[in-house]
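K.L.:
I would like the atomic coordinates for the input below:
(one chain, ligands or ions: 1)
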Amino acid sequence: MVTLTKLSKSFGANQVLKSISATFPAGGVYGIIGENGAGKTTLFRCIAGLLTHEGAVNGVDDTFRHRLGFLQTNNFFFPKMTGREYLRLLCQARSAPDDRLDQRNVFDLPLEEYAENYSTGMKKKLALLGVLLQPNDIFILDEPFNGVDIQSNILITEIIRELKQKGKTVLISSHIFSTLSDTCDEIYLLREGYFVKKVSPADYASLESEMIDVTVGDRLSRLGL
Ligand SMILES: Nc1ncnc2c1ncn2[C@@H]1O[C@H](COP(=O)(O)OP(=O)(O)OP(=O)(O)O)[C@@H](O)[C@H]1O
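P.N.:
This next block holds a predicted model:
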């Protein structure tokens, strides 16, 4: 479970998150959507403890961050570290078994090659595999579908469903609505620092058409194709 209590974050005069309170129970998948710059990554980084903030995430003394796997939008890989060495490092950081890596390499990554030389999609999959090999209960996936191929898209969707079945908590952001509507129990719309909407599956279709209306508006006629 993830609980946010009056979570606020500013960068100088730019107040990105404005006293957000929300509860994400275990065994659920929660989508966070919002325009570029709405604050999704900032929210995730606050939850993961990578940014100082006002308000609380799961209480001050909670050790839940030791059970939290965070797939960032852009992942860092040490120079001259192979994919296998990266996975071992992540396993060892959480005292997880680092054997059977070839068997668990479900994305068929070239584990003997340097991770920094991987393609964009391969880097994303390596980082995702790393947090999946750890004994995490909470998964924050910032744009996990970004840059990955169709096959991996399908597999990641099924992995998210499996995490839910196992009772994990999954927070996920995406700019592709269908990737969220396929998996999420609730979708939150982040706008101007607030969750302005919390939508259940029965209302996903109307949320999507509302977003299309708002987004497209008069833009096509302005473009004048
Ligand atoms: N380290 C930082 N220093 C200053 N401003 C920042 C920093 N990180 C984010 N911001 C600002 O916070 C706001 C929210 O950025 P954030 O990356 O969280 O948005 P986002 O919703 O994840 O966007 P996108 O969909 O483009 O990934 C933006 O105005 C951004 O410029």
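
K.L.:
report the contact partners of Tyr118.
P.N.:
77, 83, 109-110, 126 (CB atoms under 8 Å, 6 or more residues apart in numbering). C-betas here are computed from N, CA, C, even on glycine.

K.L.:
please list only the buried members of those residues.
P.N.:
77, 83, 109, 126 (16 or more other CB atoms under 10 Å).

K.L.:
of all those, which two lie farthest apart?
P.N.:
Greatest spacing in the buried ones among the contacts of Tyr118, by CB to CB: Phe77 and Leu109 (12.2 Å).

K.L.:
mutual contacts of these two, please.
P.N.:
118, 126.

K.L.:
picking that back up, now, which of the contacts of Tyr118 lie within helices?
P.N.:
Counting by DSSP state H, the contacts of Tyr118 place 83, 126 in helices.

K.L.:
make CSV from the contacts of Tyr118 and add distance to Glu158 and pLDDT to it.
P.N.:
Formatted as CSV, the contacts of Tyr118 follow (distance: CB to CB, whole Å; pLDDT from 0 to 100):
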residue, distance to Glu158, pLDDT
Phe77, 26, 93
Gly83, 22, 98
Leu109, 18, 98
Pro110, 23, 98
Leu126, 18, 97
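
K.L.:
farthest pair within the contacts of Tyr118?
P.N.:
Phe77 and Pro110, at 13.6 Å, using CB to CB across the contacts of Tyr118.

K.L.:
which bits of the chain sit near the ligand?
P.N.:
Neighbours of the ligand within the chain, by CB under 6 Å from any ligand atom: 11, 14, 16, 34, 36-42.

K.L.:
JSON lines please, covering these and showing distance to Phe195 and neighbour count.
P.N.:
What follows is the residues of the chain next to the ligand, written out as JSON lines (distance: CB to CB, whole Å; neighbours: other CB atoms under 10 Å):
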{"residue": "Phe11", "distance to Phe195": "19", "neighbour count": "9"}
{"residue": "Asn14", "distance to Phe195": "18", "neighbour count": "11"}
{"residue": "Val16", "distance to Phe195": "13", "neighbour count": "21"}
{"residue": "Gly34", "distance to Phe195": "9", "neighbour count": "18"}
{"residue": "Asn36", "distance to Phe195": "17", "neighbour count": "6"}
{"residue": "Gly37", "distance to Phe195": "16", "neighbour count": "10"}
{"residue": "Ala38", "distance to Phe195": "11", "neighbour count": "20"}
{"residue": "Gly39", "distance to Phe195": "10", "neighbour count": "24"}
{"residue": "Lys40", "distance to Phe195": "11", "neighbour count": "24"}
{"residue": "Thr41", "distance to Phe195": "16", "neighbour count": "19"}
{"residue": "Thr42", "distance to Phe195": "14", "neighbour count": "22"}
